Each structure stands twice: as structure tokens, then as C-alpha cells.
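Participant: fold the following.
(chains A and B)
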Amino acid sequence: MKVTFPHMGHLWLVLKAALTGIGLEVVVPPPCTRRTLELGVRHAPESACLPLKVNLGNFLEAQELGADTIIMAGGVGPCRIGYYSQVQGEILRDLGCAYEMIVFEPPDVHFSEVWDKIKYLNRRPWQEGVHGVIMAWLKACAVDALEQEVQRLRPREASSGMADAVFRRALQELDAAGSRREINRVVKEKKEELAALPRRPDVRVLRVGIVGEIYTVLEPLVNLDIEKRLGALGVEVVRGLFLSRWINDNLFKGLLPLPGHHPEKTAPPFLNHFVGGHGWESVGDTVTFARRGCDGVIQLAPLTCMPEIVAHSVMPAVQQATGIPVMTIYLDEQTGEAGLQTRLEAFVDMLRRQKGVKAG
Amino acid sequence: MVVKVKQWRLGVPRALFYYYYAPWWEAFFKALGAEVVVSPPTTREIMDLGISLAVAEACLPVKVFYGHAAWLAPRVEALFVPRLVSVEKKSFICPKLMGLPDMLRAAIKDCPLVIDATVDLSRRPEEGLRAAIRDTARAIGARGRQVERAGEIARARYWDWLARQQEQGREFSPGKKEGITPGGRPPLAVGLLGHNYLLHDHYLGMDIAGKVTRLGGRVILPENFAPELGEASCRRLPKRLYWTLGRKIMGAALHLMEQEEVAGLIHLTAFGCGPDSLVGDLAERYAHRRGKPFLLLTLDEHTGEAGVETRLEAFIDMLARRCPA
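Facilitator: Numbers count the residues shown, from 1 in each chain, chains lettered A, B, ... in the order given. You can find the predicted model right below:
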């Protein structure tokens, strides 16, 4: 059995650690490229949301490398993610791809459904499997800690791209790391390397929060590296969505004491109910960012994403009440780099002018 | 104790779930002594009003809903926009319906009071329904026995209405031969799938049923046969469909594509409808595997009537050629 999974930002690093940890042979799909997107778009329903298309591209590319089993997440509504695997399965069947799909989702009838899948996959004694899962969790935390550092540095580094180069090396080393000590060493070393990078003197950095649907926020292929673009424009990016937090909120049900989302406290009165996906969190995070003094918020979503359309619709009320400017960007296979760059530049210019007015 | 209830003027937008629950709502509010104002059938003006207020990426039915609500806003004291989370166990409607009251408040200037009782029957259906009824009634100042009685009346009206719709369907039941069309052949049975708010809104949905009938087809709608038939077909799916409306469409599609007499299926959908983009695609795949013709018609605010007519004509012609009388 050669297992593969869909890409989502740096998720591959975490999943690879967990799945090899339980003794499976893992095929990491090739990094997302335009080809991945084109493959997915060719075979997926036209108006399906973007993650479904890119994931499908991942599966097709992983099959070329010999993968025969897909592991992915599902759900039970109301967001479309819960039915991805069904649609993708039928598409793959029509294409003649013999894939086995194992979908992890909240059980419909009984918890044993999830348990059976884990038992089916596990190839090692339980202690070793648990060790693998702990490694994966530590790697997720390490990636997130370093990425936050990089987000802070991007607008401040003397020549752009240096922090990202360090981060890329860090990812490789984390991937290879096999013990808790090694992971800690990588984090420590890379943090020092980042701290030693030459900075630009006297930059006036803007802070912009990124909210939205998790896939478009975390996957650089579909958001066209928006964080790097903003960094180059002198913007420090902050966001509420990180892999480790998402894992904590969804898999561990918020048991670990990490800062979580509490949209039920922040989103009302603008949005008073859960709306699936990350719609509620998007509104709540926008309010949080406004309170913390961010200069603006950018909301990202795949075109036709239902929860984010709800969030987008109530944003005018949030803007009016908190005074924070919000720009919503819908992404799909048609999104062009030049168009996105222009919109970002205009938004940042506007924020800079507003800040200047406020300061002067 | 009799509670004196103020005479409310309540606005009910003629869009989205009005087409599913209108009799229930109207009977309920009338029984509580409120005056119900329903917006007129969709027109170009109402649609344009909605398009100007809603975010561009919302689906057309939601935009039309905005239009109806905005039309009502200056004419009523309160708008009835329930937050429909779930109308049956373990199923949902659509995220947009869950956020609709908040979306309206953010979009409509001088928005009147919005009665947004949450309807969530996903966990405990009976308690959920009771809570929804209680909250709705409380918003207009009604309590106690009076509310229970109004609920009973509304429920009776609603079941009555559902039964009548199926009654009408029996006239259309597949297999029953009907009158001969001018062309000298029995009309082709065509299954028409889609949300009620598209199929029954003649302006928004472009009266596809009427067009098909005029082209010599005999339309079978999802509500024209017993819902259990569709549910039974859906149970064969590898995973339970968690959208109530999606399951209705899928059930109708699966049921109809198995009927020998049904010549083809038309799926009417709105651009940007999330559930339909997946459910429709699956239905189309299943239909193809069975060799049943399937036409997908996607509507948005730019859809021209002539284009739709041409596609329908071509489809019906193709069906006629496939099954010569």
C-alpha cells in the first residue's frame, strides 16, 4: 500500500511524519504547480470550489509516482469539503484510476468507524504509532513557530527573499528530523539564523491580518504567494489560521492550551451563528485584528465558497463598526498574478495613506 | 390569560424557502393575528435591486432574496427571515441560509426589525421545531396556548398543501399515457430537477417547465412523486448526502433515471450554488453511466432567454430522435 494525500501548504510535512510513523509507505504528491491545477480543472466540475480541483490534481500526479491509496479528511456538512471524496472518487473512477480512498471524518453512527480505519492503516506496534503522531504534532508546531518569525521578518529584511530561503532549508531539515531533540535543534538554529539576517533601517511596517478559508490561506499556489507579495510591499502579515491550531481545534477538540478561535465571542453581533467552514472565524478574527490595532484585513476565499460569501456579506458592518478596512479576494484558476499584485498595491497604498493621516 | 398582541405588519420575501414553507408561515402568523405582506412575484426591478445590494459572488437566488427583502423593508414593521440551519436530523440547508439574517442587516439601509428565529432540527428535531416556533412567536409578542394553537393550524395547512402537490403529481405519474401532441406522438416525459425557488419562480427560473411543455414535453417535477421514492434511491449512495435540498435533487434524479418512460433529465441550477455544483455533477455522472440524457442549465443574472430556449429545443429534439414514437 502506497498512500498519498492532498497538499495544503506545509501539511505534507506533518502528514508524512504521522503516516510513516505508523509504518506506511508514503508518496508525497509533487509540489503544487500550474500543471496540478490544470489537471484538476480539466476533470473536476466547473463550479466546484478550488480546493477540490487542486486536490484532484494532486491525486493524479501522485498516481504517476505509484500511489494507490488516498488518505483525506471529510466532514458532515454544511461545507462542501465533506463530499469532496465522493465526487473525486467518482471522477477518478470515470478516469480509470484505481485508487482506494480512506476518508477521516466525524462518524455518522458510531466512533468505531474512525477506529476501524486507524486499525486498518496501522502497521506498527501502538507505541511506535503514537510516537509517530507525536513527532508529526511537534513538527507542525515547529513549522508554525518559524513561519510566524518569517512573516515578521519579510518586510524588515534588507534584501527580500532571505528569510524565505532560511525557511525553505528549515522545512527540509524538519522533514528529515527523527527525534524531538533534532526538531528542537532545527528550530533553535533557524531562529538564530533568522535573527542574524541584515535588516532595513527605519522601515514603517504596516500590519495586515489575513483571514478566510483555510485552504486558500495556507496554500501558496492558489493564493499566488500573497504573503511574500505583501512582505515585499512592506507589510507584516498576521493570521489566525495555522496548521497546529487547526489540528488542535479539529482533531484534539481544543484540548491543548493553544490560542484558539472563539468566534462565538468575537463575531456577534455581525454574524450570530456558525456557517460552516471558516466563515464565522473569518468575521471573528477580523474583529480581533481590528482590536489589536492591525491596519487592514484581507479575506481570502475560493470562488463560490459558501461560508466565506456569508462572511464577506457581513464585512461592511464590521468595517463600519470597527473602522478597519477589509478587502476580499476570491481565488480560482483564472486569478492572474498581475491583477492580484495591482489590487494588493492599491490596498497597501490606501492603508499607508490612512496611517499617515492618522499619525500626522 | 389572554395576551393582547399588537397588530404587526410582517414582511415575508417571496424567495428561497418561501417556496417550501409558505403555507406554514402564512397560516401561523395569521392565526396569531399578524398581517402578512408577501412581496410580489420576482420582476426585473426586484432582481436588479437585489443584485445592487448583494455581494457579487452570492448566488442568484440569494440576490433575488435581497431584492424581495429590500422591496418589503420600507413597507413593513418587521421582516421574517428565519435562520434555517437544518430542517431535519443530521442534515443542513446551505451555509448562506444560516447567515441570511445577518447578511441582510449588513446590506439593507434602514433595515426594519428582522425576526430571525433559529431553526435547527439537526440534533433533536422535535425540540428544535418547538424552540423555533416559540422564538418566532415571542418576537411578535405572542406566548402560551395561543402559539401552540397557531402551530397546530399551520402544520395542518402545510400537510394539506404537500398532499395536494402529490395529488397533482399522480396525474403526471410516469407510465400513464396522455393526450397526443400536435406532432402526432405522445409527449416525451422529461424530469426537471432543481430547487423549488428556481422551478417555481417564473421570472428567476425562466419558466423552464412551461417552455418544455410548449416544446411537446411532459414535465415531471420532484414534488410530483412520493418523497420516499427519492429517499430510498439516495440510501444507495456510498455516503449520506447531508444537504436536505441536495438529497431531494439527487433522489429525484436517481429515481427518474431508472424509469424507462423518462426520456431525459434537465437540471436547473444557479451559478455559484455550492451544493448543486457537487450534487449535480454526481447526478450527471450516474445518468451518463445509465445512458440517460442529462442537460445542465446554469442560470445567472446574465443568462439570456434566447440561449436557454435554443438549448432546450436542441435537447428536446435530441430526445425525440432517440425514442421514435
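
Participant: identify each buried residue in stretch B:111-126, please.
Facilitator: B:112, B:114-122 (16 or more other C-beta atoms under 10 Å in any protein chain shown). Quick note: C-beta positions are derived from backbone N, CA and C, even for glycine.

Participant: neighbours of B:Ala163, how many?
Facilitator: By other C-beta atoms under 10 Å in any protein chain shown, the residues close to B:Ala163 number 9.

Participant: and if you look at B:Gly291?
Facilitator: Counted by other C-beta under 10 Å, the residues lying close to B:Gly291 total 8.

Participant: stretch A:147-165: end-to-end distance?
Facilitator: For stretch A:147-165, the first-to-last residue distance is 12 Å (C-alpha to C-alpha, to the nearest Å).

Participant: next, the buried residues of it.
Facilitator: For stretch A:147-165, the neighbour count (16+ other C-beta under 10 Å) marks A:147, A:149-157, A:160, A:162-164 as buried.

Participant: let me know the closest of these to A:Gln341.
Facilitator: Proximity of the buried residues of stretch A:147-165 to A:Gln341 (C-beta to C-beta) peaks at A:Ser160, which lies at 14.3 Å.

Participant: chain A contacts on the stretch 151-300 of chain B?
Facilitator: Counting by C-beta under 8 Å from any C-beta of the partner chain, the stretch 151-300 of chain B comes close to chain A at B:237-243, B:271-282, B:285, B:298.

Participant: one step back: which entry within the buried residues of stretch A:147-165 corresponds to the minimum pLDDT?
Facilitator: On pLDDT alone, A:Ser160 ranks lowest of those, at 86.

Participant: ok, how many other residues are close to the residue of the stretch 101-250 of chain A found nearest chain B?
Facilitator: In the stretch 101-250 of chain A, the residue that lies nearest chain B is A:Asp108 (6.2 Å; C-beta to the nearest C-beta). Residues near A:Asp108, counting by other C-beta under 10 Å, number 11.

Participant: burial count for residue 144?
Facilitator: Just going to use chain A. With other C-beta under 10 Å as criterion, A:Asp144 counts 18.

Participant: was after chain B, sorry
Facilitator: Burial measure for B:Gly144: 12 neighbouring residues, criterion other C-beta under 10 Å.

Participant: what does the one 4 residues further on give?
Facilitator: If you count neighbours by other C-beta under 10 Å, B:Glu148 ends up with 14.

Participant: so A:Gly77 sits against A:Phe274, correct?
Facilitator: No: with contact defined as C-beta atoms under 8 Å, A:Gly77 does not reach A:Phe274; the gap is 11.3 Å.

Participant: the more surrounded of those two?
Facilitator: Between A:Gly77 and A:Phe274, A:Gly77 has the larger neighbour count (other C-beta under 10 Å), namely 25 against 18.

Participant: could you look up the SS state of the more buried one?
Facilitator: In three-state terms, and counting by DSSP: H, G, I helix; E, B strand; the rest coil, A:Gly77 is coil.

Participant: what's the closest non-adjacent residue to it?
Facilitator: Once flanking residues are discounted, A:Gly77 sits nearest to B:Tyr242: 3.6 Å by C-beta to C-beta, 6 or more residues apart in numbering or on different chains.

Participant: what sits against that neighbour?
Facilitator: A:76-78, A:82-83, B:90-92 (C-beta atoms under 8 Å, 6 or more residues apart in numbering or on different chains).

Participant: which stretches in the chain count as strands?
Facilitator: Just so you know, I chose chain A. Counting by DSSP state E, chain A has strands at residues A:2-4, A:25-26, A:69-73, A:100-104, A:206-212, A:235-239, A:296-302, A:326-331.

Participant: that was the other one, I meant chain B.
Facilitator: Using DSSP E, strands in chain B cover B:9-12, B:35-38, B:78-80, B:83-86, B:113-115, B:118-120, B:188-193, B:217-220, B:262-270, B:294-299.

Participant: any idea how far the residue of the stretch 201-350 of chain A found nearest chain B is from A:Arg229?
Facilitator: Nearest to chain B in the stretch 201-350 of chain A, going by C-beta to the nearest C-beta, is A:Val310, at a distance of 3.4 Å. Per C-beta to C-beta, to the nearest Å, A:Val310 is found 27 Å from A:Arg229.

Participant: comparing these two, which residue is more hemmed in?
Facilitator: Each of A:Val310 and A:Arg229 has its neighbours counted (other C-beta under 10 Å); A:Val310 has more, 30 against 19.

Participant: show me the contacts for the nearest residue to B:Cys59 once chain neighbours are set aside.
Facilitator: Leaving aside its sequence neighbours, B:Cys59 sits nearest to B:Gly272 (C-beta to C-beta, 6+ apart; 3.9 Å). Taking C-beta under 8 Å, 6+ apart, we find B:Gly272 in contact with A:47, A:304, A:309, B:57-60, B:300.

Participant: neighbour-wise, which one of these leads?
Facilitator: Neighbour tally across the contacts of B:Gly272 (other C-beta under 10 Å): the maximum, 28 neighbours, falls on A:Ile309.

Participant: ok, that residue touching B:Cys94?
Facilitator: No: counting by C-beta under 8 Å, A:Ile309 stays clear of B:Cys94, with 10.3 Å between them.

Participant: neighbours of A:Pro198, how many?
Facilitator: Neighbourhood size, A:Pro198 [other C-beta under 10 Å]: 10.

Participant: next one: the closest residue to it other than its chain neighbours from A:Asp225, what distance?
Facilitator: Among residues not flanking A:Pro198 along the chain, A:Ala158 sits closest, at 4.1 Å (C-beta to C-beta, 6+ apart). Distance of A:Ala158 to A:Asp225, computed by C-beta to C-beta: 20 Å.

Participant: nearest to A:Lys265 among the contacts of B:Gly272?
Facilitator: Nearest to A:Lys265 out of these is A:Ile309 (C-beta to C-beta; 23.0 Å).

Participant: ok, that closest one - contacts?
Facilitator: A:Ile309 makes contact with A:301, B:55, B:57-58, B:95-96, B:272, according to C-beta under 8 Å, 6+ apart.

Participant: mind redoing it with 7 Å?
Facilitator: By C-beta atoms under 7 Å, 6 or more residues apart in numbering or on different chains, the contact set of A:Ile309 is B:55, B:57-58, B:96.

Participant: for A:Lys191, same thing?
Facilitator: A:Lys191 sits next to A:Glu149 when contact means C-beta under 7 Å, 6+ apart.

Participant: same check on A:Ile71?
Facilitator: A:3, A:5, A:102.

Participant: could the contacts of B:Gly272 go into TSV alongside pLDDT and distance to A:Leu344?
Facilitator: Listed next are these as TSV, based on pLDDT from 0 to 100; distance: C-beta to C-beta, whole Å:
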residue	pLDDT	distance to A:Leu344
A:Ser47	88	26
A:Thr304	89	22
A:Ile309	95	21
B:Glu57	91	19
B:Ala58	92	24
B:Cys59	92	27
B:Leu60	93	30
B:Asp300	88	28
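
Participant: tabulate those residues (a markdown table), appending distance to A:Val26.
Facilitator: Formatted as a markdown table, the contacts of B:Gly272 follow (distance: C-beta to C-beta, whole Å):
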| residue | distance to A:Val26 |
| --- | --- |
| A:Ser47 | 32 |
| A:Thr304 | 32 |
| A:Ile309 | 36 |
| B:Glu57 | 37 |
| B:Ala58 | 40 |
| B:Cys59 | 39 |
| B:Leu60 | 44 |
| B:Asp300 | 42 |
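
Participant: this completes my enquiry, with thanks.
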